[in-house]
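Trainee: Dropping the sequence and predicted coords here.
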Amino acid sequence: MRDDMQVGDRVLVYHSNANPPAVVGTAKIAKEAYPDHTAWDVNNKHYDEKSTPENPRWLMVDIQLEQIFDREISLSELREVAALKDMELLRKGSRLSVQPVRKSEFQQILKLAGAS
């Protein structure tokens, strides 16, 4: 994430803890990756004693909402699309909170959503 996300890059907004999990829209990177300061706050639930300002273990990016889809694209629907068969999100056991998305996959999801 540190070097891969650049200001202006488009991203998919995916609700992983929804029922059903679904892609719900798009956003743009508004600020490149920077250290997650909450990891240094002992009173924060994200505190990580191994993370320091000199050697941060956690990063975050700022995003700006671009578009909310008229309809959610559920995980089960994504699994039915042959063009998405190699998408990281659909790999068994894939649990990354930030995942790469190929341009062709991004375009296919926009097409499913009736978006551009």
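Mentor: Here it is on my side, so go on. Numbers count the residues shown, from 1 in each chain.
Trainee: Just give me the residue right at the centre of this protein.
Mentor: Centroid check for the chain by Cα atoms, centre = their mean gives Val98 as the closest residue, at 4.4 Å.
Trainee: pLDDT weak spots in the chain?
Mentor: 1-3, 95, 116 (pLDDT under 70).
Trainee: quick one: Ser76 is in a strand?
Mentor: No. Ser76: not assigned to a strand; according to DSSP: H, G, I helix; E, B strand; the rest coil it is helix.
Trainee: Leaving out the residues flanking it, which one is nearest to it?
Mentor: Among residues not flanking Ser76 along the chain, Pro20 sits closest, at 6.4 Å (Cβ to Cβ, 6 or more residues apart in numbering). Just so you know, the C-beta spots here come from the backbone N, C-alpha and C atoms, and that holds for glycine as well.
Trainee: Hmm, that neighbour is touching Leu78, no?
Mentor: No. The pair Pro20 and Leu78 fails to qualify as a contact (Cβ atoms under 8 Å) at a distance of 10.4 Å.
Trainee: more crowded one of those two?
Mentor: Remark: of Pro20 and Leu78, Leu78 carries more neighbours, 21 against 10, as counted by other Cβ atoms under 10 Å.
Trainee: list the contacts for the nearest residue to the more buried one once chain neighbours are set aside?
Mentor: Nearest non-adjacent residue to Leu78, counting by Cβ to Cβ, 6+ apart: Leu84, 5.5 Å away. If a contact means Cβ atoms under 8 Å, 6 or more residues apart in numbering, then Leu84 has 78, 90, 105, 108-109 as its contacts.
Trainee: Right, I'll call it a day here.
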